[in-house]
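Enquirer: coords please:
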Amino acid sequence: MATVELVPDEHGGVTVMRDGHPQSHVDVDDPDHLVFEYVQHMAAVLDAVFPGPDPVGVTHVGGAGLTLPRWVQATRPGSPQIVLEPDEALTATVRAELPLPRGHRIRVRPQLGRPGVEALKDASAHAVVVDAFDEGRVPADLQTLEFFTHAARVLRPDGVLLMNSPDEPNWRHLADVVAGLRAAFGPTGSVALIAMRDVIKGRRYGNSVLVAAHRPLDVDEVRRQVGRWPFPSGVLAGAALAKRTSTGRALTDGESRPSPSAPDPGQWRVR
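Expert: Coordinates of the predicted model:
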């Protein structure tokens with residue numbers, strides 16, 4: 001059984017740890033207080049694509065502290081949200097110690113992400129958010145062409161897929177994941193990447209948020225929204241992203257692999 005620990009900080013927030021890996025940062029009193037940079041990037045995309053405050057239907061693959069669902073509820077009250085989180089003990093601890101706001105429409109289902117997404121109806125979500133880890137790595141079955149095809153099916157025509165995808169500085173794995181997204185969303189779709197600048201420059205291991213949609217993204221608006229948050233970040237799309245990920249080959253169910261593990265601290269140094 002996984003070990004869950006809630007570690008408070010001096011700012012009133014709590015980091016949710018699972019088997020020693022930080023999963024989420026939650027500020028119950030201030031859902032707009034997003035600490036992890038990739039969560040800020042996901043919020044920026046949702047603000048760019050769905051300015052609000054109208055409710056949006058969001059399916060989250062991976063729940064942990066329910067940070068982004070809380071933010072969606074705070075910024076777009078009444079949004080119907082499904083969270084696919086198989087660790088029932090983790091969910092029970094979070095809901096007991098970090099209660100959800102009154103009037104929320106967040107429904108946590110004790111399901112693995114892959115079968116949970118496959119069971120959803122066509123065009124049933126404005127957004128699908130994939131932020132799932134097992135022992136610090138994204139599971140192999142959430143990075144394949146087959147999975148992305150299901151996620152694309154679940155999205156409305158104006159919908160958007162967001163995925164937390166970590167990799168080493170060479171981006172070999174990330175390039176394959178991008179290739180799978182391109183294949184799943186087809187020639188009329190679009191793919192973009194958001195990351196901190198030192199990750200984009202290949203200076204260290206880090207998280208990238210991959211964005212995929214059935215229609216062209218307003219990349220300028222995404223950049224504007226990303227720029228509202230404090231971390232120095234960049235957005236790659238179009239030819240720039242294609243060049244950085246040109247070696248990629250879409251992973252399939254028969255050959256996929258988990259994302260690379262985070263290195264020991266100090267292994268990747270800023271040059």
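
Enquirer: now do the helices in the stretch 151-271 of the chain.
Expert: Secondary structure of the stretch 151-271 of the chain, counting by DSSP state H, counting those that start in this stretch: helices at 172-185, 197-200, 219-226, 238-244.

Enquirer: let me know which of those is the nearest to V35.
Expert: Proximity to V35, assessed across the helices of the stretch 151-271 of the chain by C-beta to C-beta, is greatest for helix 219-226 (16.0 Å). Bear in mind the C-beta positions are built from the backbone N, C-alpha and C, glycine included.

Enquirer: chain center to the closest one: distance?
Expert: From the chain centre to the centre of helix 219-226 is a distance of 17 Å (C-alpha atoms, centre = their mean, to the nearest Å).

Enquirer: same thing with stretch 21-29?
Expert: 15 Å.

Enquirer: same check, this time on stretch 48-57
Expert: 17 Å.

Enquirer: next, the buried residues of that stretch.
Expert: Buried residues in stretch 48-57, counting neighbours by 16 or more other C-beta atoms under 10 Å, are found at A48, V49, F50, P55, V56, G57.

Enquirer: what's the span of it, first residue to last?
Expert: Stretch 48-57 has an end-to-end distance of 16 Å (C-alpha to C-alpha, to the nearest Å).

Enquirer: give me the sheet partners of the top strand by length along the chain and which way each runs.
Expert: The residue-count maximum for a strand in the chain (DSSP state E) belongs to strand 155-167. Within its sheet, strand 155-167 is paired with strand 125-130 (parallel), strand 206-213 (antiparallel), according to DSSP bridges.

Enquirer: where's the shortest one relative to the chain centroid, distance-wise?
Expert: Okay, so that is strand 125-130. Distance, centroid of strand 125-130 to centroid of chain: 9 Å (C-alpha atoms, centre = their mean).

Enquirer: now swap in stretch 203-221 and tell me
Expert: For stretch 203-221, the distance to the chain centre is 11 Å (C-alpha atoms, centre = their mean).

Enquirer: how long is that stretch from one end to the other?
Expert: Using C-alpha to C-alpha, the span of stretch 203-221 from its first residue to its last is 26 Å.

Enquirer: same deal with stretch 234-252?
Expert: Using C-alpha to C-alpha, the gap from the first to the last residue of stretch 234-252 comes to 29 Å.

Enquirer: quick one: mean pLDDT for that stretch?
Expert: Across stretch 234-252, the average pLDDT comes to 97.

Enquirer: and W229, how many neighbours?
Expert: Residues lying near W229 (other C-beta atoms under 10 Å) number 16.

Enquirer: again with P8
Expert: 9.

Enquirer: which of the strands paired with strand 155-167 is buried the deepest?
Expert: strand 125-130 (a mean of 25; mean count of other C-beta atoms under 10 Å).

Enquirer: touching that strand from outside, list them.
Expert: Residues lying outside strand 125-130 but in contact with it, judged by C-beta atoms under 8 Å, 6 or more residues apart in numbering, are 42, 46, 49-50, 56-62, 68, 82, 113, 117, 138, 142, 151, 154-156, 158-164.

Enquirer: thanks again, I'm all set now.
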